[in-house]
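Q: Prediction below, plus the sequence it came from.
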Amino acid sequence: MIRFFTGHPTAANLLMLVFLVAGAFSLPHILRETQPDYAPTEAEIRIRYPGATAEEVEEVICRRVEDSIDGISFVREVRSDAREGFASIIVEMSSDGDIQTFLRDIETEVEALDDFPAGVEEPVISELGRTDPVMSLLISGPLSVPDLKAYCQGLQDRMQEAGISLVEIEGFSEHQLRISLSDAVLRKFGLSVAQVAERISAQSRDTPLGSIETREKNILIRFADQRTTPEALERLVIFAGPEGGEVRLGDIAQVEDTFELDEEKISTAGKRSALVNIEKTKAQDSIRVAQKVKAFIRGEQARHPQMKLTVTQDQTGILTDRLGMLISNGVQGLLLVFAAMWLFFNVRISFWVTMGLPVSFLGAFILVPHLGLSINMFTMVGMLMALGLLMDDAIVIAENIMAHRQAGESPVEAAVRGTQEVAAGVIASFITTICILGPLAFIEGQIGKVLRVVPMMLILVLAVSLIEAFCILPAHLNHAMHGFDPNSPNRFRRRFDSIFSRLRDGLLGGTVTILLQWRYLFVSCVIGIFILSLGLVASGKIKFQGFPELEGDLILARLLLPQGTPLAKTESTVSEIMEALKQTNQHFKLQQPEEQDLVQNAYVQYNLNSEAFENGPHVATI
């Protein structure tokens, strides 16, 4: 095969062209995401029980649900979280189950439970891990709270129309119209609270009333008078006298447009804000979604300059940085290999050796979408490792081919024999890499699903690089060696070879001679360093951890006060923390480039503390 492609450069060029063109066309179909995509294996059952304590929720809901799903197949683990008025049961499926069948079995068993108390709401069963976060938008402006929520809902609709499908709004509880009645006014008109509530319910409603059948068609009748604004409710008639006088709700009550929970809010610099979370499905590209969101924000700011839309928690930032690092390392590797090869050979030979890098990667990208791989933080680790390995193979083959050429062989024979001579070593190196990193693909559990993409990407790139090294590179080096006489170097080559020979024979050769003379001392030192290295690991000086600690750009301060703490006290405590944060920013601002703010943005989300497993006015997250 090596001799065939070396003697037929057209075949080698066509193979290279297939790799380049097909790989380039595959690039738009490769997803870019922060974490590898793997099949979800967890389902969550969420059930609300308003007014119940955590103990009641555990006794009434969690235990019954756990008992009901005991007989379901492929259940690996069940985790329950009982909070005040709320229960969350997460069911994990074993690796050999089918998630759709698993969900149907859970729905069947949970829906069969008919002995819940009257106040328990309908269970909500959802599949976890179907979406990934992309970024969040912090929204504020000169609007009232109801208007701010209305603006966010309109923003959500516009984003979905623009192709950003998964958008969620945080910072608001359930919308409601609150009616405040005066006891004195009620006694004046001889009314009770129950009577007012009954008359509001009887008149403010939207309900079907049946149909009228005629010869021509059936006419549907509906009572449609649902009052959804304070003004509409205030016009509702509560009492009518025999003389035609009317008492409306606005005459005896104050109607407010408000929300169910005062503590369900987000604050930025003391102003009410909203948080819009953007997510993506497993089939969407994170960077493309983020670019679409940022383009939408620019247009939205131009239409509504009074509103402030701030991007926060951008999950694609680290992915973009790592992708840029990968491209930068690839370009630097190409330039360094080209420069190193040019010092010993000519420009044409150096060019074809370095061309093995883009050919191998683009050839591997042809299969990436079909193997379920994507460009993420872990596959990029595999590609970074492949950068050095495939360049090593190309350099070894090229150097041996040139050695045969310098020995007086023809370009064709030098390319064929030089490649065949080192083929066994190159293949052995490839098999060694598979033996060392291949077992990562067989680790079970969630960690295995994440780590398996590293050897898959590395082995895929190296496999394509073998095809390039044995079928494409020899043909190109054969063509590049025509007109290149290694025994008649130019003036620069003679001077460089002279300097290199002196370094090789003098410095390196002299060092090897000394080490051979003191070989027992040298071997003892190597063994001593090895024992010292083992001691550092065994003593704990060098710590072991599954993943390295990475510096982030997000700090969370979770606040937990005693239950029953009023919202005003929580806000006062938050103000103290925010003031300290402001002073910290001023302290470090002078040390930043151009005295930029160290803290880009900060916001407070009340009624949230993910580590306390509690909700209410006494918890907050900054």
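A: Happy to help now that I have it.
Q: how about the strands of the stretch 1-150 of the chain, start to end?
A: With strands called from DSSP state E, counting those that start in this stretch, the stretch 1-150 of the chain shows them at 42-48, 75-83, 86-93, 124-127, 131-140.
Q: for those, which one sits closest to Arg227?
A: Closest to Arg227 of these, according to C-beta to C-beta: strand 42-48, at 26.2 Å. Every residue, glycine included, has its C-beta placed from N, CA and C.
Q: Given the closest one, what are its sheet partners and their directions?
A: Strand 42-48 has its sheet partners listed here by DSSP bridges as strand 86-93 (antiparallel), strand 124-127 (antiparallel).
Q: Would you indicate which residues of that strand are buried?
A: 42-45, 47-48 (16 or more other C-beta atoms under 10 Å).
Q: Give the helix, strand or coil label for Leu261.
A: Classification of Leu261 by DSSP: H, G, I helix; E, B strand; the rest coil places it in coil.
Q: I'd like to know how many residues surround the residue nearest to it when sequence neighbours are not counted.
A: Distances taken as C-beta to C-beta, 6 or more residues apart in numbering put Ser173 closest to Leu261, at 3.9 Å, once the chain neighbours are dropped. Neighbours of Ser173 under the rule other C-beta atoms under 10 Å: 15.
Q: a strand runs through Ser173, doesn't it?
A: No: assigned with three-state DSSP, Ser173 falls outside any strand and is coil.
Q: For the closest residue to Gly141 other than its chain neighbours, which residues are in contact?
A: Leaving aside its sequence neighbours, Gly141 sits nearest to Met307 (C-beta to C-beta, 6+ apart; 4.0 Å). Taking C-beta atoms under 8 Å, 6 or more residues apart in numbering, we find Met307 in contact with 139-141, 151, 300-301.
Q: how near is Met307 to Ile139?
A: 7 Å (C-beta to C-beta, to the nearest Å).
Q: shared neighbours, the two?
A: Tyr151.
Q: residue ranges for the strands of the stretch 201-350 of the chain, please.
A: Under DSSP E, counting those that start in this stretch, the stretch 201-350 of the chain gives strands at 206-213, 218-224, 237-240, 246-248, 253-259, 266-268, 271-281, 308-312.
Q: Please enumerate residues in contact with the third one?
A: Residues outside strand 237-240 that contact it (C-beta under 8 Å, 6+ apart) are 189, 191, 196, 199-200, 203, 246-249, 251-252.
Q: from these, which is closest to Leu458?
A: Among these, and counting by C-beta to C-beta, the member closest to Leu458 is Ile200, at 68.4 Å.
Q: what helix or strand is the closest one on?
A: helix 193-203 (DSSP states H and E).
Q: Quick one: list the elements packing against that helix.
A: strand 175-181, strand 237-240, helix 249-252 (3 or more C-beta pairs under 8 Å, 6 or more residues apart in numbering; DSSP states H and E).
Q: please redo it, this time with the cut-off set to 10 Å
A: strand 175-181, helix 183-189, strand 237-240, helix 249-252 (3 or more C-beta pairs under 10 Å, 6 or more residues apart in numbering; DSSP states H and E).
Q: Give me the mean pLDDT for it.
A: Helix 193-203 carries an average pLDDT of 83.
Q: Please point out which parts of it sit buried.
A: 196, 199-200, 203.
Q: Counting neighbours, which of the contacts of Met307 comes out on top?
A: Going by other C-beta under 10 Å, Ile139 tops the contacts of Met307 with 23 neighbours.
Q: Sketch out the low-pLDDT regions of this structure for me.
A: 38-40, 483-490, 546-551 (pLDDT under 70).
Q: Locate the residue of it with the greatest distance from its centre.
A: Glu243 (69.0 Å; C-alpha atoms, centre = their mean).
Q: could you measure that residue against Gln291, distance?
A: On the measure of C-beta to C-beta, Glu243 and Gln291 end up 69 Å apart.
Q: Spatially nearest residue to Ser273, not counting backbone neighbours?
A: Ser140 (4.2 Å).
Q: surely the one you found meets Ser267?
A: Yes: between Ser140 and Ser267 there is a contact at 9.2 Å, judged by C-beta atoms under 10 Å.
Q: Find residues that contact each of those two.
A: Among the neighbours of Ser140, those also in contact with Ser267 (C-beta atoms under 10 Å, 6 or more residues apart in numbering) are 273, 603.
Q: count of residues packed around Leu508?
A: Leu508, neighbours per other C-beta under 10 Å, totals 10.
Q: Is it correct that Ser533 is in contact with Ile542?
A: Yes: taking contacts as C-beta under 10 Å, Ser533 lies within contact range of Ile542: 8.3 Å.
Q: shared neighbours, those two?
A: Counting by C-beta under 10 Å, 6+ apart, nothing touches both Ser533 and Ile542.
Q: just to revisit the earlier point, can you say which of the helices and strands packed on helix 193-203 is packed in most?
A: helix 249-252 (a mean of 18; mean count of other C-beta atoms under 10 Å).
Q: who touches that helix?
A: 179, 181-182, 184-186, 188-189, 191, 196, 199-200, 203-204, 227, 230-239, 255.
Q: Val145 versus the residue nearest to Leu261, what's the distance?
A: Counting by C-beta to C-beta, the gap from Ser173 to Val145 is 11 Å.
Q: do the same with Arg130
A: For Arg130, the distance to Val145 - C-beta to C-beta - is 32 Å.
Q: more crowded one of the two?
A: Neighbours were counted for Arg130 and for Val145 using other C-beta under 10 Å; Val145 has more, 16 against 12.
Q: Please name the bridge partners of the closest residue to the more buried one other than its chain neighbours.
A: Distances taken as C-beta to C-beta, 6+ apart put Arg272 closest to Val145, at 5.6 Å, once the chain neighbours are dropped. Counting by DSSP bridges, Arg272 is bridged to Ser267.
Q: so what's Arg272 up against?
A: Taking C-beta under 10 Å, 6+ apart, one finds 140-141, 143-145, 148-149, 171-172, 265-266 in contact with Arg272.
Q: and the residues you listed as CSV, adding distance to Ala414?
A: Converted to CSV, the contacts of Arg272 look like this (distance: C-beta to C-beta, whole Å):
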residue, distance to Ala414
Ser140, 71
Gly141, 73
Leu143, 77
Ser144, 82
Val145, 80
Leu148, 75
Lys149, 76
Gly171, 71
Phe172, 75
Lys265, 76
Ile266, 71
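Q: Which one (most neighbours) among these?
A: Gly171 leads the contacts of Arg272 on contacts (other C-beta under 10 Å) with 24 neighbours.
Q: need the contact list for the closest residue to it other than its chain neighbours.
A: Spatial nearest neighbour of Gly171, chain neighbours left out: Ile266 (3.8 Å); criterion: C-beta to C-beta, 6+ apart. Applying C-beta under 10 Å, 6+ apart to Ile266 gives the contacts 138-140, 170-172, 272-275, 603-608, 621.
Q: where do the helices sit along the stretch 401-550 of the chain?
A: Along the stretch 401-550 of the chain, counting by DSSP state H, counting those that start in this stretch, helices occupy 411-437, 445-451, 453-467, 473-480, 491-502, 509-517, 519-538.
Q: helices or strands next to the first one in the packing?
A: It stands for helix 411-437. Right, helix 411-437 is packed against helix 2-7, helix 379-406, helix 453-467, helix 473-480 by 3+ C-beta pairs under 10 Å, 6+ apart.
Q: Lovely, talk soon.
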